[in-house]
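In: sequence and predicted structure are below.
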Amino acid sequence: MTLEMGRRRFLQACGTATMIAAASGRSVAPAFALENAPRLKLVDKSGKPFKTGALDIHANYIFRYPYVSTACLLIRLDKATQRNVTIKDAADANYTWPGGVGKDGAVVAYSAICSHTYSNDSAKASFLTYSRTPNQLTGHSRVITCCAHASVFDPADAAKVVSGPATLPLAAVQL
């Protein structure tokens, strides 16, 4: 297996990631499910499941999924997200991103690996960060930016590319 093939399989695993939405009390099927895809329950420091309303708006929460070395971003936006967005992936296949979860539909999660060069993170931080303030390079606000090559993604619209060298959206983690 080549390194490139390993990355493709990795992104497919990230895209098929699922987790239990504590706020709704039910799980949602992923847009492109693998059989026996692992599920994850995100918990706070005391071990209690996250409630979407308890998440700070515009904060970057980093969690590891599906592997302990794979960072993902969890973000509570200040408004509802687009719903049922059709995305073309790296294999030219279409899938549907259902949108955010929670009472206001504003909680989203994405792999923190840039779709441009698969830039990855360190154990404590991520090259990809969300900011509500205007991006210095593009002027866009409320976006995810990769500091490796300045790709910018819209988390409210299935992490579609806003600007930069990336041509594909970030891999969504289904909540």
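Out: Structure received. Residues are numbered from 1 along each chain as shown.
In: which SS class is the most centrally placed residue in the chain?
Out: Ranked by distance to the mean C-alpha position of the chain (CA atoms, centre = their mean), the top residue is residue 110 at 0.6 Å. Put simply, residue 110 is strand when judged by DSSP: H, G, I helix; E, B strand; the rest coil.
In: now do the helices in the chain.
Out: In chain order, the chain shows helices spanning 3-15, with DSSP state H as the criterion.
In: still on that earlier bit, ok, what's across the strand from the residue nearest to the centre of the chain?
Out: For residue 110, the residues forming beta bridges with it (DSSP bridges) are residue 73, residue 172.
In: the chain should start at 13 in everything you say after this.
Out: Yes, from this point I'll number from 13; that puts the last item at residue 122.
In: got a list of what it touches?
Out: Counting by CB atoms under 8 Å, 6 or more residues apart in numbering, residue 122 makes contact with 84-85, 140, 156, 165, 167, 171, 182-185. To be clear about C-beta, it is placed using only N, CA and C from the backbone, and glycine gets the same treatment.
In: which residue in those has the weakest pLDDT?
Out: Confidence by pLDDT is poorest for residue 140 among the contacts of residue 122, given 80.
In: quick revisit: would TSV of the contacts of residue 122 with distance to residue 57 and neighbour count be doable?
Out: Formatted as TSV, the entries for these read as follows, by distance: CB to CB, whole Å; neighbours: other CB atoms under 10 Å:
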residue	distance to residue 57	neighbour count
84	18	27
85	18	23
140	23	27
156	25	25
165	28	26
167	24	23
171	27	27
182	26	30
183	27	24
184	26	27
185	21	24
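In: coming back round to it: distance check, the residue nearest to the centre of the chain against residue 156.
Out: Remark: distance between residue 122 and residue 156 (CB to CB, to the nearest Å) = 7 Å.
In: pull up the overlap in contacts between those two.
Out: Between them, residue 122 and residue 156 have 85, 140, 165, 167, 171, 182 as joint contacts when contacts are counted by CB under 8 Å, 6+ apart.
In: quick check, nearest of those to residue 60?
Out: Of all the shared contacts of residue 122 and residue 156, the one with the least separation from residue 60 (CB to CB) is residue 85, at 21.0 Å.
In: tell me the contacts of the closest one?
Out: 72-74, 121-124, 138, 140-142, 156, 167 are the contacts of residue 85 under CB under 8 Å, 6+ apart.
In: if I look at it, how far off is residue 105?
Out: On the measure of CB to CB, residue 85 and residue 105 end up 24 Å apart.
In: could you do residue 122 as well?
Out: As defined by CB to CB, residue 122 lies at a distance of 18 Å from residue 105.
In: tally of neighbours for residue 86?
Out: By other CB atoms under 10 Å, 23 other residues sit near residue 86.
In: just give the number of residues close to the closest residue in space to it that isn't next to it in sequence.
Out: Spatial nearest neighbour of residue 86, excluding adjacent residues (CB to CB, 6 or more residues apart in numbering): residue 73 at 4.0 Å. Neighbour count for residue 73, taken as other CB under 10 Å: 16.
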